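>>> What follows is a predicted structure for the sequence shown.
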Amino acid sequence: MNDSKSYVGITDDVYRRLREHNSGKHSYTKRYMPWELIYTEELTSIEEARKREKYYKSTTGRRALKRLFNRI
């Protein structure tokens, strides 16, 4: 596992998305394979998911994820 990179995104099928990233389909994620799923959230709407994704991609959200990952 590459410990220096994380990926935040939204999808309707997290396991399909993980397979895509580990198959080299996406140029950014291809460089840091293999990816391992360590945290997910299930939200009720795409709008909610977009807001959450935007938060996790912000400085405050990245800090929150880092704290979470350090506890895992």
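On my side now, so go ahead.

>>> all helices of this protein, in order?
Secondary structure of the chain, counting by DSSP state H: helices at 14-22, 27-30, 46-56, 59-71.

>>> if you compare those helices, which one is most tucked away?
Of those, the one with the most neighbours on average (mean count of other Cβ atoms under 10 Å) is helix 14-22, at a mean of 15. Any C-beta I mention is one placed from the backbone N, CA and C, and that applies to glycine too.

>>> Check the spacing between the nearest residue to residue 43 once chain neighbours are set aside and residue 33 real quick.
Closest residue in space to residue 43, ignoring its immediate chain neighbours: residue 49 at 4.7 Å, by Cβ to Cβ, 6 or more residues apart in numbering. Applying Cβ to Cβ, to the nearest Å, the value for residue 49 to residue 33 is 24 Å.

>>> for residue 26, same thing?
10 Å.

>>> How about residue 5?
Residue 5 sits 10 Å away from residue 33, going by Cβ to Cβ.

>>> Same question for residue 51.
29 Å.

>>> How many neighbouring residues does residue 9 have?
Residue 9 has 13 neighbours, counted by other Cβ atoms under 10 Å.
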